[in-house]
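Participant: Sequence below, structure please.
(chains A and B)
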Amino acid sequence: MSGARGANHRGSLAVLTTRTRLEERLIFAALERRGLPYVQVDDRTLVHRLGAPGAVRYRGVLNRIMSHTRSVYATRIFEATGHRVFNPSGVVDVCGDKILTSLALVRAGLPHPETVLAVTPDAAIEAIERVGYPAVLKPAVGSWGRLLSKVNDRDAAETLIEHKQSLRSPIHNVYYVQEYVDKPDRDLRVIVIGDEVVAAVYRRSDHWITNTARGATTAVCAVTDELRSLALRAAAAVGGGILAVDLLERAGGELLVTEVNHTMEFHGLAAVAEVDIADLVVDHVDRNSPTDLVEAAA
Amino acid sequence: MTTAAVSTCPDCTEAVPSADDVRVTSIVECPGCQAELEVIGVDPVEYALAPDIEEDFGE
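Facilitator: Okay, the predicted model is just below:
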């Protein structure tokens, strides 16, 4: 495998990146403070020949790739060459797909917004009407609140489905339909690292999409026993690791787990949290990466 | 952060300052045209237009 320039980085940690954002800068700073050798690997430079002989070069691999598709395959490539990747491919697979995430959360008995799936445009109308109006349609794969649609009536539903069909993409004609939760002007994000809840924030917005990528602001949220329990159960349901669990509140206060993020962004949280998230991430990777490297049969 | 180097935007040629701890793959915004620029070299600092955000980007 190639990707990192330079000589043998055996014993170093690798950080897979697409861009160096605030989160990555904080992670690099934490690695340097701890004196941990690391290599930044730009995902655009990865080239891997299947079956090529090789050795484990990195002690552990922290995946900060921004593209879900690239993340899925890069994780599997590094795992195939004997690396421990944070998070593992099974977690990336589930968290990167809202349908798989919902299936895992519901299977684990977690409170979740009512969700109806359909795999053809023809069935989508029925799925939407089973949920009732207003309904929310989300792409199975996608983030930052992109292409989230609040559908208020049948006319809007038919128009939206026609538009999605025109995208000519099979994934856009899989329909993930959720009840619209009339929440307060906020949602909750809880950071779980390993088996610990390390921080939680509210994300506030006047818009119904409360995502910091869409301008939401963050404020510290007290971690109650209920919140801690739900977040840990949600993290376990998707395989565990370094995760951000998102929740909504119903008007009556009931908490619903909506999704779990596998390559969490924490710029909003870092601004208000009392803990150093980047340092906790690095600590987790360091403690869970092998110290005695085994040469890999790649 | 202090400004250690200035290079130009490949789109509008405006001077774009960079911090002294800048890294390759960092993203900066051109003060002239607001284009997102990716740092592709640090000695000297060099910019290229940042790749577009793709549909499956984000967490």
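Participant: contacts, neighbours, all on C-alpha from now
Facilitator: OK.
Participant: do you know how far the residue most central in space within chain A is from A:S166?
Facilitator: With the centre of chain A defined as its mean C-alpha position, the nearest residue by CA atoms, centre = their mean is A:N261, 2.1 Å away. To A:S166, A:N261 is 29 Å away according to CA to CA, to the nearest Å.
Participant: and what of A:I125?
Facilitator: 16 Å.
Participant: Between these two, which has more neighbouring residues?
Facilitator: Neighbour totals were compared for A:I125 and A:S166, and A:I125 leads with 18 against 11 (other CA atoms under 10 Å in any protein chain shown).
Participant: Could you check which helix or strand contains that one?
Facilitator: helix A:121-131 (DSSP states H and E).
Participant: Any buried residues in that helix, and which?
Facilitator: For helix A:121-131, the neighbour count (16 or more other CA atoms under 10 Å in any protein chain shown) marks A:121, A:124-125, A:127-131 as buried.
Participant: so where do the strands sit in chain B?
Facilitator: With DSSP state E as the criterion, chain B has strands at B:3-8, B:15-19, B:27-29, B:36-42, B:45-49.
Participant: quick one, which of those strands is nearest to A:T217?
Facilitator: Smallest distance to A:T217 across the strands of chain B (CA to CA): 21.5 Å, for strand B:27-29.
Participant: Do that closest one and chain A come into contact?
Facilitator: Yes: applying CA under 8 Å from any CA of the partner chain, one finds that strand B:27-29 is in contact with chain A at B:I27.
Participant: which outside residues touch that strand?
Facilitator: Identification of contacts with strand B:27-29 by CA atoms under 8 Å, 6 or more residues apart in numbering or on different chains yields A:19-21, B:18, B:35-39, B:50.
Participant: Of those residues, just the buried ones, PyMOL syntax please.
Facilitator: With 16+ other CA under 10 Å as the criterion, this PyMOL line picks the buried residues out of those:
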select buried, (chain A and resi 19+20+21) or (chain B and resi 18+35+36+37+38+39+50)
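Participant: Identify, from the contacts of strand B:27-29, the entry nearest to A:E179.
Facilitator: The closest of those, once distances to A:E179 are taken by CA to CA, is A:R21, at 33.5 Å.
Participant: Please convert the buried residues of helix A:121-131 to CSV, extending it with pLDDT and distance to chain B.
Facilitator: Putting the buried residues of helix A:121-131 into CSV (pLDDT from 0 to 100; distance: CA to the nearest CA, whole Å) gives the following:
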residue, pLDDT, distance to chain B
A:P121, 88, 21
A:A124, 95, 22
A:I125, 95, 25
A:A127, 96, 24
A:I128, 97, 24
A:E129, 96, 28
A:R130, 96, 28
A:V131, 96, 26
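Participant: wait, doesn't A:P290 sit right on A:R59?
Facilitator: Yes: using CA atoms under 8 Å, A:P290 is in contact with A:R59, at 6.0 Å.
Participant: more neighbours, these two?
Facilitator: Neighbour totals were compared for A:P290 and A:R59, and A:R59 leads with 26 against 15 (other CA under 10 Å).
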